[in-house]
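[1] Structure here, sequence nowhere to be found:
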């Protein structure tokens, strides 16, 4: 696997903004340029065709063109109807929702107070210029909001601060986000410096007048000067939690892989973190290509769950949040992983994570859903249900957190809708002992969407009477979002990066 798309691979892809269908949910896997996306499968083509059929029928009923219909809430409902038609009843949606806007309006009102806390989001610094990572297609400026077009949009603007704010806080129901980063052996590839991450937190929160953005500091164990950066973060940056990659570098074999349970390297860090009161470490795990034993030879095991249990047991004062839920499958459709699950009841590396609390007797290990949920919800919703069910069964519903890895996949709203509507089919509940997820506002989904993370990060949502959320429903961002909605700015349905060309 190359570090970014090779010249040959670039000839096989096209810009997702123009080449992928502008459906409310993606109908093929989108790559941010780190890997060659798989072709659209025959099943995904069926989903796309079915969405278009439903859009034509229901759009005509409402006096809308297909394009107009797909930008409405009824269009979102139609997308999930199409998924059910092809994959079976995995999503909770009624046919009437695709043709009666009043139903969707009532549904939106019913979910208006649902709090969404996204614990994994990204944007890149203004001077980030590695276009080979993030996509080379020219940006179609006509799809941006007018203000962005007036200011001029570079080819990487979709991944930068202004569009981040638009996609997260305006075009989705996300109320609060955690801004993350990623380390690379080559410092020029860092998306944001630790200083830039905390400055973004300050900017957003000062503008909003409330606590809307939390910040990571990225740590780089074994790299020269890493503990000095930890000391600086504790003294100056005061992050809400830490972020790191045990594999060292997410794109290629690193010179600096490390283990969570390395007593010489990591235990002095844990001691400092606990003393400082910043005792949460978010760790990238999983997400390796099918040929990982070859392409990540010598380091791939560092992306597995092999080092979590002992560290968690030795350091009960620390919280270990495993990003991507350690799901191995990354560069392929989940069909093979689903077949393995049907045969064995296990999901590679994610099942290992889910078994840690019981095997090690710990309660300080958590699973996060970023990218793993996005790719499986699109490509194989039954596998997505299996993944969520496995995590809840093994770790407890109070140990699963919502993250989307946005803005790599455009607005996170389609992912929010997917979880709201997702249900584990009854036959899977019986066969594997999974608990039902419930309706869009169920206790289970409210815990995943925000309850676990707000408790975790000590976020106070409601006033003393426990009936209102004045901080978030009445701040400046909330006011501007209401104006944005009244101006009828429909979500763009854009995806960013690459898709496999037809």
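    Okay, I see it. Only a predicted model underlies this, so the values are computations on that prediction, with no experimental measurement involved.
[2] C-alpha from now on. contacts and neighbour counts both.
    Will do.
[3] Show me the residue sitting in the middle of this protein in space.
    Nearest to the mean C-alpha position of the chain, by CA atoms, centre = their mean, lies residue 404 at 1.4 Å.
[4] got the contact list for the closest residue to residue 250 other than its chain neighbours?
    Nearest non-adjacent residue to residue 250, counting by CA to CA, 6 or more residues apart in numbering: residue 184, 7.2 Å away. Residue 184 is in contact with 190, 248-251, counting by CA atoms under 8 Å, 6 or more residues apart in numbering.
[5] which one of those has the most neighbours?
    Among the contacts of residue 184, residue 248 has the most neighbours (other CA atoms under 10 Å), with 26 neighbours.
[6] Give me the distance between that one and residue 74.
    According to CA to CA, to the nearest Å, residue 248 and residue 74 sit 44 Å apart.
[7] just residue 250 next, same as before
    Counting by CA to CA, the gap from residue 250 to residue 74 is 38 Å.
[8] hang on, the earlier thing: grab the nearest non-local neighbour of the residue nearest to the centre of the chain.
    residue 370 (4.2 Å).
[9] what about the one you found, neighbour count?
    Residue 370, neighbours per other CA under 10 Å, totals 23.
[10] same deal with the one 3 residues further on?
    When neighbours are counted by other CA under 10 Å, residue 373 registers 27.
[11] again, but for residue 228
    10.
[12] Distance from the strand or helix carrying it to the middle of the chain?
    Residue 228 is part of helix 226-232, with elements assigned from DSSP states H and E. On the basis of CA atoms, centre = their mean, to the nearest Å, helix 226-232 sits 28 Å off its chain's mean C-alpha point.
[13] Show residues contacting that helix.
    Counting by CA under 8 Å, 6+ apart, 219-221, 269 sit against helix 226-232.
[14] need the next SSE after it, C-terminal direction.
    Next along from helix 226-232, by DSSP H and E: strand 241-245.
[15] following the lowest-mean-pLDDT helix or strand in the chain, which helix or strand comes up?
    The helix or strand of the chain with the poorest confidence is helix 146-151; it has a mean of 33 (mean pLDDT, DSSP states H and E). Once helix 146-151 ends, the next helix or strand along the chain (criterion: DSSP H and E) is helix 161-165.
[16] C-terminal to that next one, what's the next element?
    strand 176-179.
[17] which residues sit against that following strand?
    Residues beyond strand 176-179 that count as contacts (CA under 8 Å, 6+ apart) turn out to be 116-122, 197, 201, 211-216.
[18] coming back round to it: is it correct that the residue nearest to residue 404 falls within a helix?
    No. If the criterion is DSSP: H, G, I helix; E, B strand; the rest coil, then residue 370 is coil and not within a helix.
[19] What helix or strand is residue 89 located in?
    Counting by DSSP H and E, residue 89 is part of no helix or strand.
[20] That one and residue 473, how far apart?
    On the measure of CA to CA, residue 89 and residue 473 end up 34 Å apart.
[21] These two: which is more packed in?
    For residue 89 versus residue 473, neighbours defined as other CA under 10 Å are more numerous around residue 89 (19 against 14).
[22] Give me the buried positions along the helix or strand hosting residue 414.
    Using DSSP H and E, residue 414 falls within helix 413-421. For helix 413-421, burial by neighbour count (16 or more other CA atoms under 10 Å) applies to 413-421.
[23] Count residues in the vicinity of the residue lying closest to residue 338 once chain neighbours are set aside, would you?
    The shortest distance from residue 338 to any residue other than its chain neighbours is 5.6 Å, reached at residue 383 (CA to CA, 6+ apart). Per other CA under 10 Å, the neighbour tally for residue 383 reads 22.
[24] contacting residues for residue 383?
    334, 337-338, 376-377.
[25] Switch these over to a markdown table; also include pLDDT, neighbour count and secondary structure.
    Shown next, in a markdown table, are these (pLDDT from 0 to 100; neighbours: other CA atoms under 10 Å; DSSP: H, G, I helix; E, B strand; the rest coil):
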| residue | pLDDT | neighbour count | secondary structure |
| --- | --- | --- | --- |
| 334 | 85 | 21 | coil |
| 337 | 93 | 19 | helix |
| 338 | 95 | 22 | helix |
| 376 | 89 | 23 | helix |
| 377 | 89 | 24 | helix |
